[in-house]
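*Asks:* Structural data only, the sequence is not supplied:
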């Protein structure tokens, strides 16, 4: 509860800035449908790899981050899980970590990748100890997407699609939500993991390519 409250307080604290400053810090000035769709497809396609990373790293993560609180095992209706996993976190966690935290560090550090790495690590630490590594990798992807597209909306789409895909796998696998909910890496064939990797790389490359073209166009307009 305190963590959720802090998200609200930090996210809404930037409302005291001017609209232009707020848009620059939170990266909410630009919205491109193609980036939003590509990032959502990336989030869905990377899900098997994410689950594999979770399965392989959870034991080590629990040993390393034993001091972090574990998520309570609570059974909830599916619609509540959809809200708590696929709607609420993509909005407010992205506003907090990739918007406010990464944006403020970007202003003071004058660096592109250092804020991405630091915010991703903090994002990982905000999760269950078993999922610190997987969440950190997801946070890195969210930060890279937001930085390359200069927009928080594709990062939200990626975050939402990834969480929703995990939830759907749990439902299809007939697992008990809130308990042992992650599908083992052995449940995925090698070809499905390979396909997940290829589609994810293709989506990420396409996001980079279109963002690079648009950023060059924006620079030409400013110079002109």
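*Replies:* On my side now, so go ahead. Since we're looking at a predicted model, the values are computed, not measured.

*Asks:* Now do the helices in the protein.
*Replies:* 2-13, 19-26, 33-45, 47-64, 78-82, 88-93, 102-109, 113-125, 132-149, 153-172, 190-223 (DSSP state H).

*Asks:* what comes up buried for the fifth one?
*Replies:* Buried residues in helix 78-82, counted by 16 or more other CB atoms under 10 Å: 81-82. For the C-beta atoms, the positions are set from N, CA and C on the backbone; glycine is no exception.

*Asks:* Which other helices and strands does it contact?
*Replies:* helix 153-172 (3 or more CB pairs under 8 Å, 6 or more residues apart in numbering; DSSP states H and E).

*Asks:* which strands and helices sit next to the helix it packs on?
*Replies:* Contacts defined by 3+ CB pairs under 8 Å, 6+ apart place helix 153-172 against helix 33-45, helix 47-64, helix 78-82, helix 88-93, helix 132-149.

*Asks:* Let me have the helices of the chain in a markdown table, extended by distance to residue 71 and mean pLDDT.
*Replies:* A markdown table is the format used below for these (distance: least, CB to CB, whole Å; pLDDT from 0 to 100):
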| stretch | distance to residue 71 | mean pLDDT |
| --- | --- | --- |
| helix 2-13 | 11 | 54 |
| helix 19-26 | 27 | 67 |
| helix 33-45 | 21 | 94 |
| helix 47-64 | 13 | 88 |
| helix 78-82 | 12 | 79 |
| helix 88-93 | 12 | 88 |
| helix 102-109 | 24 | 85 |
| helix 113-125 | 14 | 94 |
| helix 132-149 | 12 | 95 |
| helix 153-172 | 13 | 90 |
| helix 190-223 | 25 | 76 |
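
*Asks:* Out of those, which is closest to residue 70?
*Replies:* Across those, residue 70 has its closest neighbour in helix 47-64 (8.7 Å, CB to CB).
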